[in-house]
Each structure stands twice: as C-alpha cells, then as structure tokens.
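S.K.: Fold the following and give me the result.
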Amino acid sequence: MRDPVYLDHAATTPLDPRVRQAMAPFWQETFGNPSSLHRYGQEAEAAVESARATIARLLGCQPHEVIFTSGATEANNAALKGVFLELMRREKKHLVVSGVEHPSVLEPARQLALLFDAELTILPVDRHGLVDPEDVRKALRDDTTLVSVMWANNEVGTIQPVRQIARICREAGVLFHTDAVQAAPHMPLALNRVPAHLVSLSGHKMYGPKGIGALVVRTGTPFEPLLRGGGQEYGLRAGTLNVPGIVGLARALELAHEEREARWDHLVTLRDHLIRRVLERIPDAELTGHPSLRLPNHASFVFPQVNAQVLLPLLDLEGFACSSGSACKVGAAEPSPVLLAMGYPPDLARGALRVTLGKDNTLEQVEAFVEALVLAVAKARKVSA
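M.R.: You can find the predicted model right below:
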C-alpha cells in the first residue's frame, strides 16, 4: 500500500498548524470563562470579541451579528427553528428549502412541518443540481416563514445563485437562510452584497477545529433562541463559549481569505486534471454537478454497474480516502438523496464517488489516484456483474 492520500476535504480538513498555534494559549494559559468578570475571564472575552470582529470584517457584517455555535448542524437547526418559532406566532408556517440541502436543513424542516402542522415546499433542481431562482419566486407566499438554499453543495459541488435568490426574498419581504459551510473556505461571501438574513459556517471545513461554527443573524431578523440559559451571545445562544474553537475559526477564515486566490488556482488545476483524466480513462463515467459553476476542489462522478460500498474500500486499500457523498451518511447503502433529486436513477446514484481536494494535494497524487480508480472501478464492476 502506498502512502495514504486524503481526498475527502468536504467531509473535514486537517487542522492548519497556524490555526493550532493561535488556539494553543486558550487551553491552558488563558483558560478563563469569558463570562467571568476577573482578569482570566476578561482575557478570554477579549479573545472572543477579537475573533468575532475578524469574522465580521471578512464576511461583511457587523460583529454583533456573528453568533457562535457548536458547528454547522446547530447553526442550521437554529436558523430554521429560531425563525419558525418566532414567526409562527404571526401565522407564518410555510418553509421553502431546496431538494439538495444538507440533512441538517432538510430534517429540521421536516420536523417543523410534522410538529407544527406547517407546510414544506421542496424546490426542484436541474440535472446539475441548480435551483432556478424563478422557482423560488413562484414558491413564495404571504405566509412563507423562511427560504433556505445552500451556497454550494457538499455532494456535487454545485454553486447556487444565492445572490439572486436572496434578492428575490428581500423584495418579497421573506427571510433567506443559506448554508455556506462548503463555500466559505473558497469564496468571498460578501454579505454586504448578498442580502441573506442568516448564514451558517463551520470551522472544520476550512482547516479549523471541529466543534465550532457560527450563525450570522442579521440585525432585525426575528429569532427565537434554540438554546436558552445564561444569556450568552446577545441572548441568542446560551452556553459557555468554546474560546479555543472560536479563536481557531477566526484564524482559519482569515487564512482562507488571505490565501484564497493561490488556493483557488491550485485546486482548480488539480480538479480539472482529475475530471479530464477520469472521463478519458473510465468508460461511461459521468461527472455530476455543474460543469463550471462548482467548487474549485470538488469532483464528483457516477459509474454505471458500480456500487460505492464496494468501490470505496477498494480505493482505501490502495491508500486513497474518498467518499460517496455526505459524511453524515457514511455507511448508508441507500442512494444519495441529492442525486435522486437531480434526476439520477437509484442504481446509478449508488455508484456515486466524491473526490474533494485540499490545498496540500499534488498533481502527482491526483495522477496516482486516477490510476488506482481505473483498476478499482473495473474490479467493482466485476463484483456486480
């Protein structure tokens, strides 16, 4: 077996040493609770507020609009439930989400529909996974609570027209949430130009730590806190703050911003080479997601007569770590709901492969992966024959 090669950066990323260095003092030396009034607490609070200011500057929002969470799942749940529980008092009980959202959006939306007799509209997507902004416009009603469309898809890499969708929602007076977890490591979010009301982020997708995320709640957005208790985070999210994680999230986002152009160019070069070689070398391979409106590090495919549950272990034996889709569904034998929503038949959707590159991957690793994939697909097809 060759030296292992990690190609699953949409699932999680390794912690950047510079991020770890920024976090290190807050585990032992500056360990205070930021809610405490003594010097230990005030030092921790200063670090939190500095991180909050950094994130706000990079996103184009105000510091008090950045609310720290335990991760993207909490941020997405808080966005949907926080807005719904507040606006249902005004007889607004209609949610709109796309059919390719992360489970941490789709499942809370279904839960709210079930528990509160709300109506849920699931927007269709085309073969590339794109939402048509006009479908959003048609779905809006007087009782629409919230529209949620992710900025970029975690399984197929398609980048959605979020600016256009956000503007349609603003014009209609409807709140708009976007899960920007996959987009934030690669793209400037520029919330001063994308009028979203709520935006979700995650640290571990951008070479930051696990267990930390943020929800941007723009000023004036009606919101019922998901967690109540000590009143932290301006009363919008109770709980002792994860100071090392918050510092790490800010530093990771800062590095992504500073190195964005260089990372983008490097990743696009690797991605395009990978896609070209896979489509050349493997019969009937099909690229999933949009051919150009996709994340710079994201290549995803389906292979007829291949089951991903067979393919992935074969690749792992050769030292290549990939996935068949969302890491939240690891081990699942069911076809990807994202690919089903895009119109792929179940048998083909079961052969999905997601390859997500990182800033430290090389062209030599990509070429070695392609050679291993050619052999693995041939073996997987023999098994299913």
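S.K.: quick one, what contacts residue 27?
M.R.: The contact partners of residue 27, by CB atoms under 8 Å, 6 or more residues apart in numbering, come to residue 244. Glycine gets a C-beta too; all of them are placed from N, C-alpha and C.
S.K.: start to end distance for stretch 176-189?
M.R.: End-to-end distance of stretch 176-189: 15 Å, with CA to CA, to the nearest Å as the criterion.
S.K.: List the buried residues of that stretch.
M.R.: Buried positions in stretch 176-189, judged by neighbour count with 16 or more other CB atoms under 10 Å: 176-187, 189.
S.K.: right, and out of those residues, which lies closest to residue 210?
M.R.: Set against residue 210, the nearest of the buried residues of stretch 176-189 by CB to CB is residue 181 (12.7 Å).
S.K.: That closest one contacts residue 71, doesn't it?
M.R.: No: using CB atoms under 8 Å, residue 181 makes no contact with residue 71, being 9.0 Å away.
S.K.: tell me, what's touching these two both at once?
M.R.: Counting by CB under 8 Å, 6+ apart, the shared contacts of residue 181 and residue 71 are 202, 213.
S.K.: how about the buried residues of stretch 176-189 in TSV, adding distance to residue 159?
M.R.: TSV is the format used below for the buried residues of stretch 176-189 (distance: CB to CB, whole Å):
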residue	distance to residue 159
176	16
177	17
178	11
179	13
180	11
181	13
182	9
183	7
184	12
185	13
186	9
187	8
189	12
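S.K.: Closest to residue 67 out of those residues?
M.R.: The nearest member of those to residue 67, counting by CB to CB, is residue 177 at 13.1 Å.
S.K.: Now do the helix or strand where residue 42 lies: which elements does it pack against?
M.R.: Assigned by DSSP states H and E, residue 42 falls within helix 39-59. When contacts are defined as 3 or more CB pairs under 8 Å, 6 or more residues apart in numbering; DSSP states H and E, helix 39-59 sits against strand 66-69, helix 243-258.
S.K.: by contact count, what packs against the last one?
M.R.: Using 3+ CB pairs under 8 Å, 6+ apart as the contact test, the elements touching helix 243-258 are helix 17-23, helix 25-28, helix 39-59, strand 66-69.
S.K.: could those go into a markdown table alongside distance to residue 271?
M.R.: Formatted as a markdown table, these follow (distance: least, CB to CB, whole Å):
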| stretch | distance to residue 271 |
| --- | --- |
| helix 17-23 | 24 |
| helix 25-28 | 35 |
| helix 39-59 | 24 |
| strand 66-69 | 30 |
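S.K.: for those, which one ends up most surrounded?
M.R.: Using mean count of other CB atoms under 10 Å, the stretch among these with the largest mean neighbour count is strand 66-69, at a mean of 26.
S.K.: strand partners of it, parallel vs antiparallel please.
M.R.: strand 213-217 (antiparallel) (DSSP bridges).
S.K.: The strand it pairs with versus helix 39-59: what angle between them?
M.R.: 70 degrees (axes from the mean of the first three to the mean of the last three CA atoms, to 10 degrees).
S.K.: Quick one: mean pLDDT for strand 213-217?
M.R.: Strand 213-217 shows a mean pLDDT of 98.
S.K.: what distance separates that strand from the centre of its chain?
M.R.: Remark: strand 213-217 is offset 13 Å from the chain centroid, using CA atoms, centre = their mean, to the nearest Å.
S.K.: For it, buried residues please.
M.R.: In strand 213-217, counting by 16+ other CB under 10 Å, buried: 213, 214, 215, 216, 217.
S.K.: quick one, what contacts residue 206?
M.R.: Residues near residue 206 by CB under 8 Å, 6+ apart: 13, 184, 185, 252, 253, 256.
S.K.: For it, which non-adjacent residue is spatially closest?
M.R.: In space, and not counting its chain neighbours, residue 206 is closest to residue 185: 3.8 Å by CB to CB, 6 or more residues apart in numbering.
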